[in-house]
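K.L.:
have a look at this prediction, sequence included:
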Amino acid sequence: MCGIAGLIAKTDSTERFAGLLPRLEAEIAHRGPDDRGVHISRDGRAGLVHTRLSILDLTPAGHQPMFALNDRYAIVFNGEIYNFRALAASLVAKGCSLRSHSDTEVILLLYHLLGADCVRELRGMFAFAIWDDLEKTCFIARDPLGIKPLYYHHDSAGTLSFASELRALRATGLAGAELDADAVAAFFQHGSVPEPRTLLRDVQCLEAGHWLRWSDGVVKSQSYWTLPIGGTSDPARADSLASNEDTAAVRAAMLDSVQHHFVSDVPVGLFLSGGIDSTALLALSRTLGHDQLKTYSISFDEADFNEGDVARRTAEHFGSIHLDSRLTGPDARGLFDRFLRRLDQPSVDGFNTFAVSHVAHAHGAKVVLSGLGGDELFGSYPSFRRVPSMIRLARRVGPLRPVAAGALRNLSGSSRAGRFGDFLSENPTVDAAMSALRGIFSRRDAVALARHFAPGSEPADLPRAADPADLRDAVSAHELSHYMRNQLLRDSDVASMAWGLELRVPLVDRALIEVLARVPAERRLRADKAMLIEAVPEIPAWVTQAPKRGFTFPFEKWFREDWHGLFADTLKPIAGVRPVSWYQRWSLFVFRSWLER
């Protein structure tokens, strides 16, 4: 896990790059505290930056930018390729010679042999850029699920600039500061910005499962993988697993993923809550022989939020070395200031991962596993029940929807009513229902706030996707490609890397998801994560039978009692919008804090 950045130009830009590259390096230095490197090509058309968190091949041979084939190729790479050893063996069998024991060199040689198709061979999380000094092209790629971020700006002169974090392009002035009104409205409506948009009008996020090629000032982007869940075709797949074989297949795929995610030259730890997902990872890790695993958790004085006792009991059951930190309101307030300084884009989430990453970092960890992805894949969010019900009800209401929508929108002081009014005012799709269910502000209020913060442009409605035949699969796909990708994964990357910590997500694995996609929705998405529990029967009853809480913090109490008016200004109306809930106040506060930086 590292930080990468770069500049690619049509003409010799050595002098300009020499001034900009050190500034880019400084902005991503926290992502790679172990090593750093800067390279400008001989012709001055390419400049690459890398800051390294050493996980694989801890020797100088793993230094980046890395070169291959008499310096024809130069790469900067952020992430981990879990199947790199098998790929390396295949390359050696084909006559290739490797100078290191790193996954970075494997990517370079695969690109030489396969070109853009090299990404189809890679199992892991990644964002990388390869400069070809012979062809004068730059190839950039991002992993299938969007675990690792990559932001880029392509200007009118054809120059391409890119970085692991938006802040690097923003702070160095490589991209303009003008806000994207559509993105601002989306943030206030949903709590995050959907890719490929960012809050800056001139910067895009390379979409998950896409690559981009720059050649002579022109960029071309292409998808190489699509989520195999939630398609618009008939859900009865020809390769569906039979009911008497799906549990064994899912268990085998989960064991395989967990084993791959332990590929490391440094110890691997685990974030452990009181929930099913992280407990499943701990159980599978123990089954695979990873004893004496260090587990990390956060506990609270507030009983309704505290899972520390359950996590401790689970750790004792599986024999892990458990490290728990008690987080009080005043302690969280001190940590919150640092969180705000590290925010790459504002979010209504992320502080929880930031806090537990601090715990792991304080105990010397460099790599941790997280159970992120289990709720989206095994159907435990309330959305899996509520969204289909909402759509069925809206269809029954039929022509009365506009009347009901108007009545709900006119209810003063109720953001939820306004959001459900939005839902009833348009075709009842999963996209629309999720906006109502997960939303922050109503569409009307979000647009008003966007006009206030990004004047001069009118926010447009984002397109709604067509629903697949199975609404349960549609909700799963939406959770995976919207909430998980645009918020959870993005926040987890920034929050963990702020502490120089690599966070791995074994449940967000392409090979595992391709197996799960073969399990029909009525079995995969059964209530209470029945599919997951059957696949990992080692999970104790005190975990499986406990009410679902989620990894949430007692923010409302902290606002009232411990954070001493920090959010007081968010009670004032802005552009005619009066924030009511704590999460509305949070979204306004973090957005304004981001703007001020």
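P.N.:
That came through fine. Just so it is clear, the model here is predicted, and its values are computed rather than measured.

K.L.:
gap between residue 70 and residue 315?
P.N.:
Distance of residue 70 to residue 315, computed by C-beta to C-beta, to the nearest Å: 51 Å. All C-beta spots, glycine's among them, are computed from the backbone N, C-alpha and C.

K.L.:
so which of the two has more stuff around it?
P.N.:
Neighbour totals were compared for residue 70 and residue 315, and residue 315 leads with 23 against 8 (other C-beta atoms under 10 Å).

K.L.:
quick one, what contacts the residue positioned nearest the centre of the chain?
P.N.:
In the chain, the residue lying closest to the centroid (C-alpha atoms, centre = their mean) is residue 489, at 1.6 Å. By C-beta atoms under 8 Å, 6 or more residues apart in numbering, the contact list for residue 489 reads 145-147, 372, 505, 508.

K.L.:
residue 372 against residue 505, yeah?
P.N.:
Yes - assessed by C-beta atoms under 8 Å, residue 372 is found in contact with residue 505 at 4.8 Å.

K.L.:
shared neighbours, these two?
P.N.:
Common neighbours of residue 372 and residue 505 (C-beta under 8 Å, 6+ apart) are 489, 492.

K.L.:
burial count for residue 481?
P.N.:
Per other C-beta under 10 Å, the neighbour tally for residue 481 reads 23.

K.L.:
count of neighbours near residue 242?
P.N.:
Residue 242, neighbours per other C-beta under 10 Å, totals 10.

K.L.:
and it, what does it touch?
P.N.:
Contacts of residue 242 (C-beta under 8 Å, 6+ apart): none.

K.L.:
now it: how far from residue 521?
P.N.:
Going from residue 242 to residue 521 by C-beta to C-beta gives 15 Å.

K.L.:
do the same with residue 423
P.N.:
Taking C-beta to C-beta, one finds residue 423 at 22 Å from residue 521.

K.L.:
those two - which one has more neighbours?
P.N.:
Comparing residue 423 with residue 521 by other C-beta under 10 Å, the one with more neighbours is residue 423, at 28 against 22.

K.L.:
for that one, which non-adjacent residue is closest in space?
P.N.:
residue 436 (3.9 Å; C-beta to C-beta, 6 or more residues apart in numbering).

K.L.:
got the contact list for that neighbour?
P.N.:
So residue 436 contacts 390, 416, 419-420, 422-423 (C-beta under 8 Å, 6+ apart).

K.L.:
at 10 Å what do you get?
P.N.:
By C-beta atoms under 10 Å, 6 or more residues apart in numbering, the contact set of residue 436 is 386-387, 390, 408, 416-424, 442-443.

K.L.:
and the closest residue to residue 152 other than its chain neighbours, how many neighbours?
P.N.:
In space, and not counting its chain neighbours, residue 152 is closest to residue 162: 4.1 Å by C-beta to C-beta, 6+ apart. Neighbours of residue 162 under the rule other C-beta under 10 Å: 30.

K.L.:
same for the host helix or strand of residue 162, what does it pack against?
P.N.:
Here residue 162 sits within strand 160-163, counting by DSSP states H and E. For strand 160-163, the elements it packs on are strand 2-8, helix 14-27, strand 46-52, strand 124-132, strand 137-142, strand 151-154, helix 166-171, strand 210-215, judged by 3 or more C-beta pairs under 10 Å, 6 or more residues apart in numbering; DSSP states H and E.

K.L.:
tell me which of the ones you listed lies nearest to residue 553.
P.N.:
helix 166-171 (24.2 Å; C-beta to C-beta).

K.L.:
tell me the secondary structure for residue 157?
P.N.:
coil (DSSP: H, G, I helix; E, B strand; the rest coil).

K.L.:
cross the contacts of residue 489 against strands and list the overlap.
P.N.:
The subset of the contacts of residue 489 located in strands under the criterion DSSP state E is empty.

K.L.:
which among those residues gets closest to residue 447?
P.N.:
Distances from residue 447 to those, taken by C-beta to C-beta, are shortest for residue 146, at 26.8 Å.

K.L.:
the closest residue to residue 46 other than its chain neighbours: neighbour count?
P.N.:
Spatial nearest neighbour of residue 46, chain neighbours left out: residue 131 (4.3 Å); criterion: C-beta to C-beta, 6+ apart. By other C-beta under 10 Å, 25 other residues sit near residue 131.

K.L.:
and what of residue 248?
P.N.:
Neighbours of residue 248 (other C-beta under 10 Å): 12.

K.L.:
quick one: which helix or strand includes it?
P.N.:
Here residue 248 is assigned to helix 246-260, by DSSP H and E.

K.L.:
now that helix: buried residues?
P.N.:
Residues of helix 246-260 classed as buried: 246-247, 249-251, 253-260 (neighbour count, 16 or more other C-beta atoms under 10 Å).

K.L.:
can I get these in JSON lines with distance to residue 83 and pLDDT?
P.N.:
JSON lines is the format used below for these (distance: C-beta to C-beta, whole Å; pLDDT from 0 to 100):
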{"residue": "246", "distance to residue 83": "24", "pLDDT": "94"}
{"residue": "247", "distance to residue 83": "25", "pLDDT": "95"}
{"residue": "249", "distance to residue 83": "19", "pLDDT": "97"}
{"residue": "250", "distance to residue 83": "20", "pLDDT": "97"}
{"residue": "251", "distance to residue 83": "20", "pLDDT": "98"}
{"residue": "253", "distance to residue 83": "14", "pLDDT": "98"}
{"residue": "254", "distance to residue 83": "16", "pLDDT": "98"}
{"residue": "255", "distance to residue 83": "15", "pLDDT": "98"}
{"residue": "256", "distance to residue 83": "10", "pLDDT": "98"}
{"residue": "257", "distance to residue 83": "11", "pLDDT": "98"}
{"residue": "258", "distance to residue 83": "14", "pLDDT": "98"}
{"residue": "259", "distance to residue 83": "11", "pLDDT": "98"}
{"residue": "260", "distance to residue 83": "7", "pLDDT": "98"}
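
K.L.:
what's the closest of those to residue 359?
P.N.:
The closest of these, once distances to residue 359 are taken by C-beta to C-beta, is residue 258, at 21.8 Å.

K.L.:
distance check, that closest one against residue 284.
P.N.:
5 Å.

K.L.:
same question, residue 568
P.N.:
Distance of residue 568 to residue 284, computed by C-beta to C-beta: 47 Å.

K.L.:
so for those two, which sits in the more crowded spot?
P.N.:
Higher neighbour count among residue 568 and residue 284: residue 284, with 22 against 12, using other C-beta under 10 Å.

K.L.:
who touches the more buried one in this structure?
P.N.:
So residue 284 contacts 251, 254-259, 290, 506, 535-536, 538-539 (C-beta under 10 Å, 6+ apart).

K.L.:
over to it: give its phi and psi.
P.N.:
phi -70, psi -40 (degrees, to the nearest 10).

K.L.:
repeat that for residue 38.
P.N.:
phi -130, psi 140.

K.L.:
that one pairs with what?
P.N.:
residue 49 (DSSP bridges).

K.L.:
pretty sure it contacts residue 26?
P.N.:
No - here residue 38 does not reach residue 26: they are 11.1 Å apart, not a contact under C-beta atoms under 10 Å.

K.L.:
give me the common contacts of these two.
P.N.:
49, 51.
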